[in-house]
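Peer 1: I would like the atomic coordinates for the input below:
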Amino acid sequence: MTTLPLVDPELRALLDAWPTVPVTAEMLGAMRERILPAPPVPDTDTLAERATVPGPAGAPEITLSIYRPAKPAGPRGCLYHIHGGGYVVGKAGDLEFFHRPLAEALDCVIVSVDYRLAPETPHPGPIEDCYAGLAWLFANSARLGVDPARIGVIGESAGGGLAAALALLARDRGEYRLAFQHLTYPMLDDRTCIRPPHRHAGEFIWPPASNHFGWSALLGHAPGRDDVSPYAAAARATDLADLPPTYLMTGALDLFVDENIDYARRLIAAGVPTEFHLYPGAFHGFDLAPDAAVAQQARADRLAALRRALAPARA
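Peer 2: Predicted coordinates:
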């Protein structure tokens, strides 16, 4: 059975351009080396830099990609971004075409972290890299023209999972207070590998086989065990109280739809201000479709939410 009849017709061209290929250990090297077609970097009045900063104790340094409007102003709000890729692929710099216009549109600073990838670096290496980058951002907020009271974490897919885990880790360590978390179809729960969502979810882009590989790579063992840390799989957290205001969006046909709905429900029940969007006929990564109305709506909703999140607090 195929769920193609449930896909928004305007999204089908994206499926043709982005065929579903399960991720395996054998193909991982080739996937990391391939250069995916990306839109050209727009002509914006922004500055870009790469910063090499200390990693976690005893670990290598990490690289941060930083984008900010060239026009002097400040202090500005900041998006601390964590890229997706199933925990096994991806680079922060690949999203320059997206981050430059976003920094200009929101008049904010964007700092994107290159964390070490699994399976070479399993948990807790990736989340500790993200935490180290966040620590550097707070320590250098004045130099970057960033208001430390308006730093939020943002990520998509595996990056959304790491963003949610980072929000938990920051809350529990008590060193840095995040202003918000902004999660796009986040990869939150390894138990989806053994407890699948509804039967119409997960056929396209990121199927169950890829999910099992990604989680196995991150955890260093088969997913679904009882001892998985919430800093690896945020859905494992039993206490979601005192997390920052949350925006969460997903598609009705996304493999992560059930875990995303459940996480939003639990955030609301824990008293966390939560905005949740579910898009019909939408699969994983659907918002990349340039012309589909549902993708345009998702991008507009996301941009509006970020504007609200980055706004200075009223006196």
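Peer 1: Next, residue 249: secondary structure please.
Peer 2: strand (DSSP: H, G, I helix; E, B strand; the rest coil).
Peer 1: Burial check on residue 237, number of neighbours?
Peer 2: 22 (other C-beta atoms under 10 Å). Just so you know, the C-beta spots here come from the backbone N, C-alpha and C atoms, and that holds for glycine as well.
Peer 1: measure it to residue 73 for me?
Peer 2: Distance of residue 237 to residue 73, computed by C-beta to C-beta, to the nearest Å: 37 Å.
Peer 1: quick one, phi psi at the residue nearest to residue 18 when sequence neighbours are not counted?
Peer 2: Once flanking residues are discounted, residue 18 sits nearest to residue 205: 6.4 Å by C-beta to C-beta, 6 or more residues apart in numbering. Dihedral pair for residue 205: phi 70, psi -60, per degrees, to the nearest 10.
Peer 1: And residue 50, by the same measure?
Peer 2: Dihedral angles for residue 50 - degrees, to the nearest 10 - are phi -110, psi 130.
Peer 1: what's the pLDDT at it?
Peer 2: What the model reports as pLDDT for residue 50 is 97.
Peer 1: all helices for the protein, in order.
Peer 2: Listed in chain order, the helices of the chain (DSSP state H) span 12-17, 28-33, 96-106, 125-139, 141-144, 158-173, 208-219, 257-269, 293-310.
Peer 1: and of the ones you listed, who's closest to residue 285?
Peer 2: helix 12-17 (7.6 Å; C-beta to C-beta).
Peer 1: List the buried residues for the closest one?
Peer 2: By 16 or more other C-beta atoms under 10 Å, the buried positions in helix 12-17 come out as 14-15.
Peer 1: Are there helices or strands packed against it, and which ones?
Peer 2: Helices and strands touching helix 12-17, by 3 or more C-beta pairs under 8 Å, 6 or more residues apart in numbering; DSSP states H and E: there are none.
Peer 1: Could you list the low-confidence segments of the stretch 151-300 of the chain?
Peer 2: Under the criterion pLDDT under 70, no range of the stretch 151-300 of the chain is flagged.
Peer 1: residue contacts, the most centrally placed residue in the chain?
Peer 2: Nearest to the mean C-alpha position of the chain, counting by C-alpha atoms, centre = their mean, stands residue 155 at 1.8 Å. For residue 155, the contacting residues are 81-84, 161-164, 182-184, 186, by C-beta atoms under 8 Å, 6 or more residues apart in numbering.
Peer 1: Turn those residues into a markdown table, including neighbour count and distance to residue 302.
Peer 2: Shown next, in a markdown table, are those (neighbours: other C-beta atoms under 10 Å; distance: C-beta to C-beta, whole Å):
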| residue | neighbour count | distance to residue 302 |
| --- | --- | --- |
| 81 | 26 | 13 |
| 82 | 30 | 15 |
| 83 | 22 | 16 |
| 84 | 23 | 14 |
| 161 | 33 | 17 |
| 162 | 30 | 18 |
| 163 | 25 | 14 |
| 164 | 30 | 16 |
| 182 | 26 | 8 |
| 183 | 29 | 10 |
| 184 | 22 | 7 |
| 186 | 29 | 13 |
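Peer 1: wait, which of those residues is closest to residue 25?
Peer 2: residue 84 (19.1 Å).
Peer 1: ok, now how distant is that closest one from residue 285?
Peer 2: 9 Å.
Peer 1: which neighbours do the two share?
Peer 2: residue 157.
Peer 1: Sounds good, over and out.
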